[in-house]
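# My questions concern the predicted model and sequence given below.
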Amino acid sequence: MKFKLLVISALVSGLAGVVQAAPLTISAPWIRAMPPNSRVIPIFFNLHNPSPEDRVLTAIHSDLGEVEIHETVTVGDMKKMQPINALTIAAGKMAALKPGGYHGMMSHFTLGVPAEGEFVLLTLRYANGESQEVNVEVVRREKASMLMTNSN
Ligand SMILES: [Cu+2]
């Protein structure tokens, strides 16, 4: 019995050394449906970080175009958006990528502007080398509002 316990504790401590940080939780993802001649389309989702360490989103990748991470800033009485290199999601907190705030901005579409109802596979990359995928539907804003409400 004592031997078994020792083995178990050795296993647990062995695992602890290689354990991966808990994955972030993605909720209410959506891409805004835009006309087919649009040069850019916005990407939104909530990122919850359940781990005890801050996590840093450094890139959003898609095979269907280029994606930047944008922030929205107020200059005078104008709102404008600009690219940022990283978005920190503090330990235990949530970062919202939402209209009027942070968002992904997709451009240079390889297969044209994704249409309403299509899905775009995104890979979120983090500063610690981890990544995660999310398949995001292109929807109209009305439907997105329902998504966002339901996730709260
Ligand atoms: Cu933008």
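Nice, thanks for sending it over.

# and residue 96, what is it in contact with?
Shown in contact with residue 96 (Cβ atoms under 8 Å, 6 or more residues apart in numbering): 46, 47, 102. Bear in mind the C-beta positions are built from the backbone N, C-alpha and C, glycine included.

# cool, residue 132 as well?
By Cβ under 8 Å, 6+ apart, residue 132 lies in contact with 23, 24, 26, 123, 124.

# Wait, a helix at residue 146?
Yes: when DSSP: H, G, I helix; E, B strand; the rest coil is applied, residue 146 is found to be in a helix.

# Give me the below-cutoff pLDDT ranges for this structure.
Scanning the chain for pLDDT under 70 picks out 1-22, 147-152.

# Report how many residues lie close to residue 57.
Counted with other Cβ atoms under 10 Å, the neighbours of residue 57 add up to 22.

# May I have the beta-bridge partners of it?
Beta bridges link residue 57 to residue 87, residue 126, judged by DSSP bridges.
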